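Chemist: One predicted model, sequence on top.
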Amino acid sequence: MTFNVLIVDDEKNIRAGLGRALELDGYRTLLAADGQEALDVIRTEEIDLVIADLKMPRVSGEEVLRHVVDRYPTVPVIILTGHGTIETAVQAMRDGAYDFLTKPVSLDRLSLLAKRAMSNRELVLQHRQLQNELEQQREQSSIIGKSSALQQVMEVVRQVAPTRASVLITGESGVGKELIADAIHRVSDRAQNPLVKVHCAALSESLLESELFGHEKGAFTGAIGRKRGRFELANTGTIFLDEIGEINQSVQIKILRVLQEKQFERVGGEETLNVDVRIVTATNRDLRAEIEAGRFREDLYYRLNVVNIHVPPLRERKDDIPLLSAAFIKEFSRENGKSVEGIDPRARAVLHAHDWPGNIRELRNSIESAVVMAKGSIITVDDLPPSIHSGGAENDSIHIPLGSTLNDAEREIIRSTLAAHKGNKTKTAEALGIGRKTLHRKVADYGLDG
(Lines give C-alpha, C1' and ligand atoms only; values in the text may rest on other atoms or scores of the structure.)
Protein backbone atom coordinates (compact mmCIF):
# COMPACT_ATOMS: atom_id res chain seq x y z
CA MET A 1 0.00 0.00 0.00
CA THR A 2 1.38 3.42 -1.00
CA PHE A 3 0.41 6.27 1.34
CA ASN A 4 -0.23 9.85 0.20
CA VAL A 5 1.47 12.57 2.27
CA LEU A 6 0.46 16.22 1.88
CA ILE A 7 3.25 18.69 2.79
CA VAL A 8 2.11 22.28 3.37
CA ASP A 9 4.68 25.06 3.79
CA ASP A 10 5.01 28.49 2.25
CA GLU A 11 8.80 28.05 1.96
CA LYS A 12 9.47 26.26 -1.32
CA ASN A 13 12.83 24.75 -0.33
CA ILE A 14 11.42 23.28 2.89
CA ARG A 15 8.41 21.61 1.29
CA ALA A 16 10.51 20.32 -1.62
CA GLY A 17 13.18 18.94 0.72
CA LEU A 18 10.67 17.22 2.98
CA GLY A 19 8.94 15.81 -0.09
CA ARG A 20 12.15 14.26 -1.42
CA ALA A 21 12.99 12.76 1.99
CA LEU A 22 9.58 11.14 2.35
CA GLU A 23 9.60 9.85 -1.22
CA LEU A 24 12.82 7.98 -0.35
CA ASP A 25 10.79 6.26 2.42
CA GLY A 26 8.30 5.05 -0.18
CA TYR A 27 5.52 7.63 0.23
CA ARG A 28 3.76 9.54 -2.55
CA THR A 29 4.01 13.24 -1.72
CA LEU A 30 1.79 16.18 -2.67
CA LEU A 31 2.97 19.75 -2.07
CA ALA A 32 0.97 22.86 -1.18
CA ALA A 33 2.32 26.41 -0.80
CA ASP A 34 -0.31 27.56 1.73
CA GLY A 35 -3.34 26.43 3.70
CA GLN A 36 -5.88 27.30 1.03
CA GLU A 37 -4.03 25.25 -1.56
CA ALA A 38 -3.85 22.41 0.97
CA LEU A 39 -7.62 22.45 1.52
CA ASP A 40 -8.14 22.25 -2.25
CA VAL A 41 -5.85 19.19 -2.43
CA ILE A 42 -7.59 17.51 0.52
CA ARG A 43 -10.96 17.86 -1.20
CA THR A 44 -9.74 16.09 -4.36
CA GLU A 45 -7.16 13.55 -3.14
CA GLU A 46 -7.18 10.64 -0.68
CA ILE A 47 -4.67 11.91 1.90
CA ASP A 48 -3.17 9.63 4.57
CA LEU A 49 -0.95 12.14 6.40
CA VAL A 50 -0.77 15.95 6.52
CA ILE A 51 2.45 17.79 7.47
CA ALA A 52 1.65 21.49 7.81
CA ASP A 53 3.51 24.62 8.89
CA LEU A 54 1.68 26.66 11.53
CA LYS A 55 2.20 30.13 10.12
CA MET A 56 1.19 30.60 6.47
CA PRO A 57 -0.56 33.24 4.37
CA ARG A 58 -4.29 33.06 3.45
CA VAL A 59 -5.14 29.97 5.53
CA SER A 60 -2.99 29.05 8.54
CA GLY A 61 -1.80 25.64 9.69
CA GLU A 62 -4.21 25.85 12.66
CA GLU A 63 -7.14 26.19 10.23
CA VAL A 64 -5.90 23.25 8.15
CA LEU A 65 -5.65 21.20 11.36
CA ARG A 66 -9.19 22.11 12.44
CA HIS A 67 -10.53 21.23 8.99
CA VAL A 68 -8.84 17.81 8.94
CA VAL A 69 -9.79 16.94 12.55
CA ASP A 70 -13.40 17.92 11.85
CA ARG A 71 -13.85 16.33 8.40
CA TYR A 72 -11.24 13.52 8.36
CA PRO A 73 -10.61 12.58 12.01
CA THR A 74 -8.65 9.42 11.15
CA VAL A 75 -6.04 11.33 9.09
CA PRO A 76 -3.04 12.28 11.29
CA VAL A 77 -1.62 15.82 11.14
CA ILE A 78 2.00 16.67 12.03
CA ILE A 79 2.60 20.37 12.72
CA LEU A 80 5.83 22.19 11.77
CA THR A 81 6.86 25.06 14.01
CA GLY A 82 9.76 27.39 14.74
CA HIS A 83 11.45 27.39 18.16
CA GLY A 84 9.61 30.55 19.16
CA THR A 85 6.14 29.02 18.78
CA ILE A 86 6.41 25.82 20.86
CA GLU A 87 3.43 26.86 23.02
CA THR A 88 1.32 27.18 19.88
CA ALA A 89 2.46 23.72 18.78
CA VAL A 90 1.46 22.27 22.15
CA GLN A 91 -1.96 23.86 21.74
CA ALA A 92 -2.18 22.26 18.30
CA MET A 93 -1.59 18.87 19.97
CA ARG A 94 -4.52 19.61 22.29
CA ASP A 95 -6.59 20.48 19.20
CA GLY A 96 -5.94 17.05 17.69
CA ALA A 97 -2.53 17.16 15.98
CA TYR A 98 -0.71 13.81 15.92
CA ASP A 99 2.65 15.42 16.84
CA PHE A 100 4.86 18.40 15.97
CA LEU A 101 8.37 19.01 14.59
CA THR A 102 10.54 22.07 15.17
CA LYS A 103 12.47 23.74 12.39
CA PRO A 104 15.05 23.03 11.12
CA VAL A 105 13.41 19.63 10.71
CA SER A 106 15.37 16.49 11.60
CA LEU A 107 14.79 14.15 8.67
CA ASP A 108 15.37 11.10 10.90
CA ARG A 109 12.73 12.36 13.34
CA LEU A 110 10.39 13.13 10.43
CA SER A 111 10.84 9.59 9.05
CA LEU A 112 10.13 8.05 12.46
CA LEU A 113 7.01 10.14 13.09
CA ALA A 114 5.67 9.44 9.59
CA LYS A 115 6.20 5.71 10.07
CA ARG A 116 4.35 5.73 13.40
CA ALA A 117 1.49 7.79 12.00
CA MET A 118 1.17 5.53 8.97
CA SER A 119 1.14 2.45 11.18
CA ASN A 120 -1.98 3.76 12.91
CA ARG A 121 -3.43 4.90 9.61
CA GLU A 122 -2.94 1.41 8.14
CA LEU A 123 -4.83 -0.13 11.07
CA VAL A 124 -7.69 2.30 10.48
CA LEU A 125 -7.83 1.45 6.77
CA GLN A 126 -7.74 -2.28 7.52
CA HIS A 127 -10.58 -1.82 10.00
CA ARG A 128 -12.54 0.13 7.35
CA GLN A 129 -12.01 -2.72 4.87
CA LEU A 130 -13.29 -5.23 7.45
CA GLN A 131 -16.35 -3.05 8.05
CA ASN A 132 -17.06 -3.01 4.31
CA GLU A 133 -16.82 -6.80 4.21
CA LEU A 134 -19.15 -6.96 7.21
CA GLU A 135 -21.76 -4.80 5.49
CA GLN A 136 -21.61 -7.00 2.39
CA GLN A 137 -22.06 -10.11 4.52
CA ARG A 138 -24.96 -8.63 6.49
CA GLU A 139 -26.86 -8.08 3.26
CA GLN A 140 -26.95 -11.87 2.96
CA SER A 141 -26.73 -13.21 6.52
CA SER A 142 -26.30 -12.27 10.17
CA ILE A 143 -23.57 -14.92 10.43
CA ILE A 144 -20.12 -13.33 10.30
CA GLY A 145 -17.09 -15.07 8.84
CA LYS A 146 -15.42 -16.20 5.65
CA SER A 147 -13.40 -19.24 6.77
CA SER A 148 -13.71 -22.43 4.75
CA ALA A 149 -15.11 -24.23 7.83
CA LEU A 150 -17.95 -21.72 8.16
CA GLN A 151 -18.62 -21.68 4.42
CA GLN A 152 -19.14 -25.46 4.51
CA VAL A 153 -21.71 -24.99 7.28
CA MET A 154 -23.51 -22.27 5.33
CA GLU A 155 -23.61 -24.45 2.22
CA VAL A 156 -25.49 -27.11 4.23
CA VAL A 157 -27.81 -24.39 5.58
CA ARG A 158 -28.64 -23.26 2.05
CA GLN A 159 -29.34 -26.84 0.97
CA VAL A 160 -31.53 -27.85 3.90
CA ALA A 161 -33.42 -24.60 4.48
CA PRO A 162 -35.99 -24.96 1.65
CA THR A 163 -36.91 -28.52 2.76
CA ARG A 164 -39.17 -29.78 5.56
CA ALA A 165 -36.42 -31.91 7.14
CA SER A 166 -35.73 -31.66 10.87
CA VAL A 167 -32.27 -30.30 11.67
CA LEU A 168 -30.06 -31.03 14.68
CA ILE A 169 -27.38 -28.38 15.22
CA THR A 170 -24.44 -29.56 17.31
CA GLY A 171 -21.39 -27.79 18.64
CA GLU A 172 -19.76 -26.44 21.76
CA SER A 173 -21.36 -23.75 23.88
CA GLY A 174 -20.90 -20.28 22.43
CA VAL A 175 -20.30 -21.23 18.77
CA GLY A 176 -23.49 -19.58 17.49
CA LYS A 177 -25.94 -22.45 17.07
CA GLU A 178 -28.92 -20.13 17.50
CA LEU A 179 -27.69 -17.98 14.60
CA ILE A 180 -27.64 -21.09 12.39
CA ALA A 181 -31.26 -21.78 13.36
CA ASP A 182 -32.12 -18.17 12.46
CA ALA A 183 -30.45 -18.61 9.07
CA ILE A 184 -32.33 -21.83 8.33
CA HIS A 185 -35.66 -20.15 9.03
CA ARG A 186 -34.77 -16.96 7.14
CA VAL A 187 -33.86 -18.85 3.95
CA SER A 188 -36.81 -21.27 4.15
CA ASP A 189 -40.26 -20.86 2.57
CA ARG A 190 -41.54 -20.33 6.14
CA ALA A 191 -39.57 -17.10 6.57
CA GLN A 192 -42.73 -14.94 6.71
CA ASN A 193 -44.23 -17.15 9.41
CA PRO A 194 -43.27 -17.40 13.11
CA LEU A 195 -39.87 -18.48 14.41
CA VAL A 196 -40.43 -19.52 18.04
CA LYS A 197 -37.43 -20.22 20.28
CA VAL A 198 -37.36 -22.27 23.47
CA HIS A 199 -34.26 -22.54 25.67
CA CYS A 200 -35.05 -25.88 27.26
CA ALA A 201 -32.30 -25.74 29.91
CA ALA A 202 -33.75 -22.50 31.32
CA LEU A 203 -37.08 -24.14 32.26
CA SER A 204 -37.82 -26.63 35.03
CA GLU A 205 -39.29 -30.01 34.04
CA SER A 206 -42.71 -29.01 35.36
CA LEU A 207 -42.78 -25.78 33.37
CA LEU A 208 -41.27 -27.07 30.13
CA GLU A 209 -44.23 -29.27 29.16
CA SER A 210 -46.67 -26.42 29.72
CA GLU A 211 -44.39 -24.01 27.85
CA LEU A 212 -44.16 -26.28 24.82
CA PHE A 213 -47.72 -27.59 24.60
CA GLY A 214 -49.77 -25.08 26.58
CA HIS A 215 -52.31 -25.87 29.30
CA GLU A 216 -55.99 -25.63 30.12
CA LYS A 217 -57.47 -23.67 32.99
CA GLY A 218 -57.13 -25.60 36.23
CA ALA A 219 -54.64 -28.12 34.80
CA PHE A 220 -52.40 -27.51 37.83
CA THR A 221 -52.07 -25.10 40.73
CA GLY A 222 -51.65 -21.61 39.31
CA ALA A 223 -53.20 -22.42 35.91
CA ILE A 224 -55.79 -19.63 36.11
CA GLY A 225 -56.59 -19.67 32.41
CA ARG A 226 -55.88 -21.38 29.10
CA LYS A 227 -52.38 -20.85 27.71
CA ARG A 228 -51.25 -21.55 24.16
CA GLY A 229 -47.94 -23.43 23.96
CA ARG A 230 -44.91 -22.72 21.79
CA PHE A 231 -45.78 -25.44 19.27
CA GLU A 232 -49.20 -23.87 18.79
CA LEU A 233 -47.67 -20.42 18.41
CA ALA A 234 -45.16 -21.74 15.85
CA ASN A 235 -47.87 -23.24 13.59
CA THR A 236 -46.90 -22.84 9.87
CA GLY A 237 -43.46 -21.64 10.98
CA THR A 238 -40.38 -22.99 12.74
CA ILE A 239 -39.72 -23.94 16.35
CA PHE A 240 -36.15 -23.91 17.66
CA LEU A 241 -35.52 -26.08 20.71
CA ASP A 242 -32.14 -25.14 22.17
CA GLU A 243 -30.36 -27.57 24.53
CA ILE A 244 -32.67 -30.41 23.50
CA GLY A 245 -30.48 -32.83 25.47
CA GLU A 246 -31.79 -31.33 28.74
CA ILE A 247 -35.44 -32.43 28.41
CA ASN A 248 -36.92 -35.36 30.33
CA GLN A 249 -38.33 -38.50 28.75
CA SER A 250 -42.00 -37.65 29.23
CA VAL A 251 -41.54 -34.47 27.18
CA GLN A 252 -39.42 -36.40 24.67
CA ILE A 253 -42.36 -38.72 24.00
CA LYS A 254 -44.67 -35.77 23.29
CA ILE A 255 -42.17 -34.16 20.93
CA LEU A 256 -41.79 -37.50 19.13
CA ARG A 257 -45.56 -37.58 18.62
CA VAL A 258 -45.53 -34.09 17.13
CA LEU A 259 -42.80 -35.19 14.72
CA GLN A 260 -44.64 -38.36 13.72
CA GLU A 261 -48.29 -37.33 13.79
CA LYS A 262 -48.15 -33.49 13.94
CA GLN A 263 -50.56 -33.65 16.88
CA PHE A 264 -50.59 -32.96 20.63
CA GLU A 265 -52.92 -32.02 23.52
CA ARG A 266 -52.49 -29.16 25.94
CA VAL A 267 -51.63 -30.12 29.52
CA GLY A 268 -54.91 -30.97 31.24
CA GLY A 269 -56.80 -30.85 27.95
CA GLU A 270 -58.64 -33.40 25.78
CA GLU A 271 -58.76 -31.53 22.46
CA THR A 272 -56.23 -32.81 19.93
CA LEU A 273 -54.48 -29.99 18.11
CA ASN A 274 -52.90 -30.33 14.66
CA VAL A 275 -49.82 -28.31 13.80
CA ASP A 276 -47.55 -27.80 10.81
CA VAL A 277 -44.18 -26.98 12.40
CA ARG A 278 -40.61 -27.30 11.17
CA ILE A 279 -38.46 -28.45 14.12
CA VAL A 280 -34.84 -27.30 14.50
CA THR A 281 -32.96 -28.38 17.62
CA ALA A 282 -29.52 -27.74 19.09
CA THR A 283 -27.31 -29.28 21.74
CA ASN A 284 -23.76 -29.20 23.05
CA ARG A 285 -24.20 -32.69 24.51
CA ASP A 286 -23.23 -36.00 22.89
CA LEU A 287 -26.73 -37.38 22.32
CA ARG A 288 -25.40 -40.81 21.41
CA ALA A 289 -23.78 -41.00 24.84
CA GLU A 290 -27.07 -39.82 26.36
CA ILE A 291 -28.85 -42.66 24.53
CA GLU A 292 -26.34 -45.18 25.88
CA ALA A 293 -26.94 -43.81 29.39
CA GLY A 294 -30.70 -44.20 28.96
CA ARG A 295 -31.43 -40.48 29.21
CA PHE A 296 -32.43 -39.80 25.61
CA ARG A 297 -34.76 -41.76 23.35
CA GLU A 298 -33.07 -43.29 20.33
CA ASP A 299 -36.21 -43.01 18.17
CA LEU A 300 -36.48 -39.29 18.92
CA TYR A 301 -32.79 -38.80 18.15
CA TYR A 302 -33.20 -40.22 14.63
CA ARG A 303 -36.31 -38.10 14.06
CA LEU A 304 -34.50 -34.93 15.08
CA ASN A 305 -31.22 -35.75 13.36
CA VAL A 306 -32.48 -36.03 9.77
CA VAL A 307 -29.82 -33.45 8.87
CA ASN A 308 -26.96 -32.71 11.23
CA ILE A 309 -25.14 -29.40 11.10
CA HIS A 310 -22.01 -29.30 13.23
CA VAL A 311 -20.79 -25.78 13.98
CA PRO A 312 -17.00 -25.83 14.44
CA PRO A 313 -15.43 -24.14 17.49
CA LEU A 314 -13.68 -20.82 17.01
CA ARG A 315 -10.24 -22.43 17.44
CA GLU A 316 -10.93 -24.30 14.17
CA ARG A 317 -12.02 -21.18 12.25
CA LYS A 318 -9.56 -18.54 13.42
CA ASP A 319 -9.68 -16.84 10.01
CA ASP A 320 -13.03 -15.44 11.17
CA ILE A 321 -11.55 -13.63 14.19
CA PRO A 322 -10.74 -10.35 12.31
CA LEU A 323 -14.27 -9.97 10.91
CA LEU A 324 -15.92 -10.96 14.20
CA SER A 325 -13.67 -8.57 16.11
CA ALA A 326 -14.48 -5.72 13.73
CA ALA A 327 -18.21 -6.35 14.21
CA PHE A 328 -17.88 -6.35 17.99
CA ILE A 329 -15.67 -3.23 17.97
CA LYS A 330 -18.33 -1.36 16.00
CA GLU A 331 -21.11 -2.57 18.31
CA PHE A 332 -19.39 -1.76 21.59
CA SER A 333 -17.84 1.51 20.39
CA ARG A 334 -21.35 2.72 19.61
CA GLU A 335 -22.75 1.46 22.93
CA ASN A 336 -19.97 3.03 25.00
CA GLY A 337 -19.47 6.27 23.09
CA LYS A 338 -15.92 5.30 22.07
CA SER A 339 -14.09 5.78 18.75
CA VAL A 340 -12.08 2.57 18.51
CA GLU A 341 -10.89 2.02 14.94
CA GLY A 342 -8.91 -1.23 15.01
CA ILE A 343 -6.50 -3.61 16.72
CA ASP A 344 -2.71 -3.35 16.63
CA PRO A 345 -0.62 -6.27 15.24
CA ARG A 346 0.52 -7.61 18.63
CA ALA A 347 -3.04 -7.65 19.98
CA ARG A 348 -4.24 -9.35 16.77
CA ALA A 349 -1.58 -12.01 17.27
CA VAL A 350 -2.72 -12.57 20.86
CA LEU A 351 -6.33 -13.00 19.72
CA HIS A 352 -5.22 -15.46 17.05
CA ALA A 353 -3.06 -17.48 19.46
CA HIS A 354 -5.78 -17.92 22.11
CA ASP A 355 -7.73 -21.21 21.97
CA TRP A 356 -11.11 -19.62 22.81
CA PRO A 357 -12.68 -22.32 24.99
CA GLY A 358 -15.73 -20.04 25.31
CA ASN A 359 -15.84 -19.63 21.52
CA ILE A 360 -17.55 -16.58 19.94
CA ARG A 361 -19.22 -15.65 23.22
CA GLU A 362 -15.79 -15.38 24.86
CA LEU A 363 -14.38 -13.33 21.95
CA ARG A 364 -17.37 -10.99 22.13
CA ASN A 365 -16.90 -10.41 25.85
CA SER A 366 -13.15 -9.90 25.39
CA ILE A 367 -13.64 -7.27 22.68
CA GLU A 368 -16.26 -5.49 24.79
CA SER A 369 -13.75 -5.31 27.65
CA ALA A 370 -10.98 -4.12 25.31
CA VAL A 371 -13.15 -1.36 23.82
CA VAL A 372 -14.06 -0.13 27.29
CA MET A 373 -10.42 -0.20 28.45
CA ALA A 374 -8.88 1.25 25.26
CA LYS A 375 -7.18 4.59 25.89
CA GLY A 376 -6.97 5.53 22.22
CA SER A 377 -8.47 4.58 18.89
CA ILE A 378 -6.46 1.34 18.60
CA ILE A 379 -6.81 -1.70 20.87
CA THR A 380 -3.44 -2.84 22.25
CA VAL A 381 -2.39 -5.98 24.12
CA ASP A 382 -2.72 -4.10 27.42
CA ASP A 383 -6.40 -3.41 26.67
CA LEU A 384 -7.23 -7.12 26.36
CA PRO A 385 -8.45 -9.08 29.41
CA PRO A 386 -5.54 -10.71 31.35
CA SER A 387 -7.02 -14.16 30.70
CA ILE A 388 -6.45 -13.61 26.98
CA HIS A 389 -2.90 -12.22 26.93
CA SER A 390 -1.38 -14.01 29.93
CA GLY A 391 0.20 -16.49 27.50
CA GLY A 392 -0.59 -16.95 23.85
CA ALA A 393 1.29 -14.85 21.37
CA GLU A 394 4.04 -13.77 23.79
CA ASN A 395 5.95 -17.00 23.14
CA ASP A 396 7.94 -17.86 20.05
CA SER A 397 6.01 -20.94 18.94
CA ILE A 398 3.49 -21.41 16.14
CA HIS A 399 0.69 -23.97 16.45
CA ILE A 400 -0.11 -25.81 13.22
CA PRO A 401 -2.65 -28.65 13.69
CA LEU A 402 -2.01 -32.09 12.24
CA GLY A 403 -3.83 -32.48 8.94
CA SER A 404 -3.14 -28.89 7.84
CA THR A 405 -2.26 -28.47 4.19
CA LEU A 406 1.10 -26.98 3.16
CA ASN A 407 -0.73 -23.80 2.15
CA ASP A 408 -2.40 -23.61 5.57
CA ALA A 409 0.98 -24.07 7.29
CA GLU A 410 2.68 -21.45 5.12
CA ARG A 411 -0.14 -18.99 5.71
CA GLU A 412 0.11 -19.42 9.49
CA ILE A 413 3.90 -19.05 9.47
CA ILE A 414 3.70 -15.83 7.44
CA ARG A 415 0.82 -14.44 9.55
CA SER A 416 2.59 -15.16 12.85
CA THR A 417 5.94 -13.80 11.66
CA LEU A 418 4.25 -10.62 10.39
CA ALA A 419 2.56 -10.19 13.77
CA ALA A 420 5.84 -10.80 15.63
CA HIS A 421 7.45 -8.00 13.59
CA LYS A 422 4.42 -5.71 14.06
CA GLY A 423 3.55 -5.77 10.36
CA ASN A 424 7.03 -4.76 9.17
CA LYS A 425 7.34 -6.58 5.85
CA THR A 426 11.07 -5.94 5.44
CA LYS A 427 11.90 -7.62 8.75
CA THR A 428 9.35 -10.37 8.07
CA ALA A 429 10.90 -11.15 4.69
CA GLU A 430 14.37 -11.26 6.28
CA ALA A 431 13.16 -13.58 9.05
CA LEU A 432 11.52 -15.92 6.53
CA GLY A 433 14.49 -15.84 4.17
CA ILE A 434 12.47 -14.64 1.17
CA GLY A 435 12.42 -11.47 -0.90
CA ARG A 436 10.03 -8.58 -0.24
CA LYS A 437 8.28 -9.08 -3.59
CA THR A 438 7.70 -12.75 -2.78
CA LEU A 439 6.34 -11.80 0.65
CA HIS A 440 4.01 -9.15 -0.83
CA ARG A 441 2.66 -11.69 -3.32
CA LYS A 442 2.08 -14.33 -0.66
CA VAL A 443 0.47 -11.80 1.71
CA ALA A 444 -1.94 -10.85 -1.10
CA ASP A 445 -2.59 -14.50 -2.07
CA TYR A 446 -3.44 -15.47 1.51
CA GLY A 447 -5.51 -12.34 2.21
CA LEU A 448 -3.28 -11.25 5.10
CA ASP A 449 -3.41 -7.52 4.32
CA GLY A 450 -6.81 -7.18 6.02
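Modeler: The structure has been received and is ready for your questions. Residues are numbered from 1 along each chain as shown.
Chemist: quick one: contacts for residue 48?
Modeler: 3-5, 75, 118, 121 (Cβ atoms under 8 Å, 6 or more residues apart in numbering). Any C-beta I mention is one placed from the backbone N, CA and C, and that applies to glycine too.
Chemist: The stretch 51-200 of the chain: strands as residue ranges?
Modeler: Applying DSSP state E, counting those that start in this stretch to the stretch 51-200 of the chain gives strands spanning 77-81, 99-102, 167-170, 195-199.
Chemist: Point out the most buried one among the ones you listed.
Modeler: strand 77-81 (a mean of 25; mean count of other Cβ atoms under 10 Å).
Chemist: Give me the distance from it to the chain's centre.
Modeler: The chain centre lies 35 Å from the centre of strand 77-81; the measure is Cα atoms, centre = their mean, to the nearest Å.
Chemist: List the neighbouring strands of that strand plus their orientation.
Modeler: When sheet partners are counted by DSSP bridges, strand 77-81 sits next to strand 49-53 (parallel), strand 99-102 (parallel).
Chemist: returning to that earlier point: same list (the strands of the stretch 51-200 of the chain) but as CSV, adding mean pLDDT and distance to residue 282.
Modeler: Conversion of these to CSV gives the following (pLDDT from 0 to 100; distance: least, Cβ to Cβ, whole Å):
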stretch, mean pLDDT, distance to residue 282
strand 77-81, 88, 51
strand 99-102, 84, 52
strand 167-170, 97, 4
strand 195-199, 95, 10
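Chemist: Just put those in JSON lines and tack on distance to residue 404.
Modeler: Formatted as JSON lines, the strands of the stretch 51-200 of the chain follow (distance: least, Cβ to Cβ, whole Å):
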{"stretch": "strand 77-81", "distance to residue 404": "44"}
{"stretch": "strand 99-102", "distance to residue 404": "43"}
{"stretch": "strand 167-170", "distance to residue 404": "23"}
{"stretch": "strand 195-199", "distance to residue 404": "36"}
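Chemist: Among those, which comes closest to residue 315?
Modeler: Nearest to residue 315 among the strands of the stretch 51-200 of the chain is strand 167-170 (16.2 Å), distances taken as Cβ to Cβ.
Chemist: what number of residues lie near residue 330?
Modeler: 18 (other Cβ atoms under 10 Å).
Chemist: Return the set of buried residues in the host helix or strand of it.
Modeler: If you go by DSSP states H and E, residue 330 is part of helix 321-336. For helix 321-336, burial by neighbour count (16 or more other Cβ atoms under 10 Å) applies to 321-330, 332-333.
Chemist: by contact count, what packs against whichever helix or strand comes after it?
Modeler: Downstream of helix 321-336, the next assigned helix or strand under DSSP H and E is strand 342-343. Using 3 or more Cβ pairs under 8 Å, 6 or more residues apart in numbering; DSSP states H and E as the contact test, the elements touching strand 342-343 are helix 107-138, helix 321-336, strand 378-379.
Chemist: Residue 237: what's it in contact with?
Modeler: Counting by Cβ under 8 Å, 6+ apart, residue 237 has contacts 185, 190, 193-196, 277-278.
Chemist: mind redoing it with 6 Å?
Modeler: 190, 193-195 (Cβ atoms under 6 Å, 6 or more residues apart in numbering).
Chemist: Make a ChimeraX selection of whichever of these turn out to be buried.
Modeler: Burial among the contacts of residue 237 is assessed by 16+ other Cβ under 10 Å; the matching ChimeraX selection reads:
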select :190,193,195
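Chemist: residues near residue 268, how many?
Modeler: 15.
Chemist: correct me, but it touches residue 214?
Modeler: No. Using Cβ atoms under 6 Å, residue 268 makes no contact with residue 214, being 9.4 Å away.
Chemist: And the helices in the stretch 301-450 of the chain, which stretches?
Modeler: Along the stretch 301-450 of the chain, counting by DSSP state H, counting those that start in this stretch, helices occupy 321-336, 345-353, 359-373, 386-389, 406-420, 425-432, 436-445.
Chemist: Within the helices and strands, which one has residue 281?
Modeler: Assigned by DSSP H and E, residue 281 falls in strand 278-283.
Chemist: what comes up buried for that strand?
Modeler: For strand 278-283, by 16+ other Cβ under 10 Å, it's 278-283.
Chemist: repeat for stretch 280-299
Modeler: 280-284, 287, 290-291, 295-297.
Chemist: could I get these as a markdown table with distance to residue 237?
Modeler: Output for the buried residues of stretch 280-299, formatted as a markdown table (distance: Cβ to Cβ, whole Å):
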| residue | distance to residue 237 |
| --- | --- |
| 280 | 11 |
| 281 | 15 |
| 282 | 17 |
| 283 | 21 |
| 284 | 25 |
| 287 | 25 |
| 290 | 28 |
| 291 | 29 |
| 295 | 29 |
| 296 | 26 |
| 297 | 25 |
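Chemist: quick one: which of the helices and strands packed on strand 342-343 is nearest residue 232?
Modeler: That would be helix 107-138 among the helices and strands packed on strand 342-343, by Cβ to Cβ, at 32.7 Å.
Chemist: that older thread, any idea which of the helices of the stretch 301-450 of the chain gets closest to residue 29?
Modeler: helix 425-432 (20.7 Å).
Chemist: Just the angle for that closest one relative to helix 436-445, thanks.
Modeler: 100 degrees (axes from the mean of the first three to the mean of the last three Cα atoms, to 10 degrees).
Chemist: From the centroid of the chain, which residue is nearest?
Modeler: residue 324 (1.6 Å; Cα atoms, centre = their mean).
Chemist: Hmm, it is touching residue 144, no?
Modeler: Yes. Between residue 324 and residue 144 a contact is recorded at 5.4 Å, counting by Cβ under 6 Å.
Chemist: circling back to that earlier point, which pair of the buried residues of stretch 280-299 spans the longest distance?
Modeler: 280 and 295 (21.3 Å).
Chemist: burial count for residue 304?
Modeler: Residue 304, neighbours per other Cβ under 10 Å, totals 25.
Chemist: which ones are touching it?
Modeler: 166, 168, 281.
Chemist: Relative to residue 282, how far out is it?
Modeler: 10 Å (Cβ to Cβ, to the nearest Å).
Chemist: Touching both of the two, which residues are there?
Modeler: The contact lists of residue 304 and residue 282 share no entry, where a contact means Cβ under 6 Å, 6+ apart.
Chemist: What count of nearby residues applies to residue 47?
Modeler: By other Cβ under 10 Å, 19 other residues sit near residue 47.
Chemist: Return the backbone torsion pair for it.
Modeler: Here is the backbone geometry of residue 47 (degrees, to the nearest 10): phi -100, psi 130.
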